[in-house]
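Trainee: need a structure here:
(one chain, ligands or ions: 1)
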Amino acid sequence: MASNRLSIKTKSKKYFVFIGENSFEQFRKVVSDSSSKFLFIFDKNVNKKCSNLVTKLLSDCKNHNKLVLVSSEKNKSLQTVNKILRYLSENKFDRESSLVSIGGGLIGDITGFTASVYQRGIKYYQIPTTILSAVDSSVGGKTGVNFNGIKNLVGTFYQPDGVFINTKFFDTLPKKEVISGIGELAKYAMIIPELYDFFLNEIKTIYFEKSVNEKVIINSLKIKSAIVNNDEKEVSGLRKVLNLGHTFGHGFESASYYKLKHGETVLCGLLCATLLSERLRMIECNYCKKILDDFSFIKINKLIKTIDTNSVISFMKSDKKNSSGVIRFVIPTQNELMIDYPVEEKIIYNVIEKFKSVISNYDI
Ligand code: GLY
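Mentor: Numbers count the residues shown, from 1 in each chain. So this is what the prediction gives:
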């Protein structure tokens, strides 16, 4: 069985993403062709729940070491990076060595950041085990850790040397993690209107049948690669469209003290951005209603309604995407996305309150 292959061509690096069960074969070629050292950085849950897949993955890698991390926002810190760097140094990893991340976006971001600073940069590979990391964070080279209570404040742009996606990992994901992945898929639906129906149907299949078609991963990563290939470091503004839903999302995520998952809050953020667009008269009321209705089958985490709106706004102000205390958004309109659009706090407050009342009508 062949795996699908996508090629990513950014200014700083070219690499492949392999998608399918046979992506492991491709990974084995990387490790068995190499005589250098590999450090595998595992999410503890994956190590435990997917031990068969993990054993298969490691079987051809003679020269490997393994570190297991608990995947939590608290651990997405410089202390964890310090721990990995110490391990690399004490075990004499050199410039030819590689890191391999096996886990969700959080483990991938920590691994990528560590790879980018050890000996001024060593190779790293991503093996995403969640839907969210497969369709978004494993590709594009955003790495980083939280600092001083601010999400991803310290980080680098550093592309992986390869990404290997095996959907079998998704079989053991809890519902909350599945919904988190759906958040990023809903984002792609809203970025590319021509693919809106495709993504909405795939999201329904994932939500109700927990079955992830490889095509949805391929289409997501085609969109992502078209963007990062042209604006790797978010300089021209093009890459900012990938932050759709993330200003509200990061606010909810931080104000919940990370009890809500990233993609869950992105989903809420997309719906808030739609309500905001209606409030600013950039979309018609009927269009806004259609988007809200289309996603109303998803049970949004009840916690969202209990989060203090002022606290969400105060976290939004410290989001690294904003400057001088002005909160800026990517706003969806029917034809295009508005980037860096500044919005008054009072309007943001009212939109969040409206969102909370709208989702009270959902089945949550
Ligand atoms: N997840 C947004 C980006 O990669 O730019």
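Trainee: switch to C-alpha atoms for all contacts and neighbour counts from now on
Mentor: Fine.
Trainee: Helix, strand or coil: sort out the residue in the stretch 101-250 of the chain that the ligand sits nearest to for me.
Mentor: Closest contact between the stretch 101-250 of the chain and the ligand, by Cα to the nearest ligand atom, is at Leu242 (4.8 Å). What DSSP: H, G, I helix; E, B strand; the rest coil gives for Leu242 is helix.
Trainee: list the contacts for it?
Mentor: Residues near Leu242 by Cα atoms under 8 Å, 6 or more residues apart in numbering: Lys187, Lys224.
Trainee: What score does it have for pLDDT?
Mentor: You'll see Leu242 listed with a pLDDT of 97.
Trainee: distance of it from Ala186?
Mentor: 11 Å (Cα to Cα, to the nearest Å).
Trainee: and what of Gly121?
Mentor: Plainly put, Gly121 is 34 Å away from Ala186 if you go by Cα to Cα.
Trainee: Looking at these two, which has the bigger crowd around it?
Mentor: Ala186 (22 against 16; other Cα atoms under 10 Å).
Trainee: can you map out the strands along the stretch 1-150 of the chain?
Mentor: In the stretch 1-150 of the chain, the segments counted as strands under DSSP state E, counting those that start in this stretch are 4-9, 14-19, 38-43, 64-69, 98-103, 123-128, 142-147, 150-157.
Trainee: Next, count neighbours for Phe147.
Mentor: Counted with other Cα under 10 Å, the neighbours of Phe147 add up to 15.
Trainee: Might one say that Pro342 is in contact with Ser324?
Mentor: No. In this structure, Pro342 is not within contact of Ser324 by Cα atoms under 8 Å, at 11.2 Å.
Trainee: Who has more neighbours out of those two?
Mentor: Ranked by neighbour count (other Cα under 10 Å), Pro342 and Ser324 place Pro342 first, with 12 against 7.
Trainee: What's the separation between that one and Leu271?
Mentor: On the measure of Cα to Cα, Pro342 and Leu271 end up 18 Å apart.
Trainee: contacting residues for the closest residue in space to Lys66 that isn't next to it in sequence?
Mentor: Closest residue in space to Lys66, ignoring its immediate chain neighbours: Phe40 at 4.8 Å, by Cα to Cα, 6 or more residues apart in numbering. When contacts are counted by Cα under 8 Å, 6+ apart, Phe40 is found next to His64, Asn65, Lys66, Leu67, Leu99, Val100, Ser101, Ile102.
Trainee: got a pLDDT number for the last one?
Mentor: Per-residue confidence for Ile102 comes out at a pLDDT of 96.
Trainee: Contact partners for it?
Mentor: Contacts for Ile102 (Cα under 8 Å, 6+ apart) come out as Phe40, Ile41, Phe42, Asp43, Val46, Gly108, Gln126, Ile127, Pro128, Thr129.
Trainee: would you list the strands of the stretch 1-150 of the chain in CSV and tack on distance to Phe252?
Mentor: What follows is those, written out as CSV (distance: least, Cα to Cα, whole Å):
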stretch, distance to Phe252
strand 4-9, 32
strand 14-19, 31
strand 38-43, 24
strand 64-69, 25
strand 98-103, 23
strand 123-128, 24
strand 142-147, 16
strand 150-157, 12
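Trainee: Let me know how buried Ser7 is, in neighbour terms.
Mentor: 14.
Trainee: pLDDT on the strand or helix carrying Ile217, on average?
Mentor: Using DSSP states H and E, Ile217 sits in helix 214-228. Mean pLDDT, helix 214-228: 97.
Trainee: again, but for stretch 83-93
Mentor: Regarding stretch 83-93, the rounded mean pLDDT is 97.
Trainee: Buried residues in that stretch, which are they?
Mentor: By 16 or more other Cα atoms under 10 Å, the buried positions in stretch 83-93 come out as Ile84, Leu85, Leu88, Phe93.
Trainee: Quickly name whichever of those residues is closest to Val145.
Mentor: Nearest to Val145, judged by Cα to Cα, of these is Ile84 at 13.2 Å.
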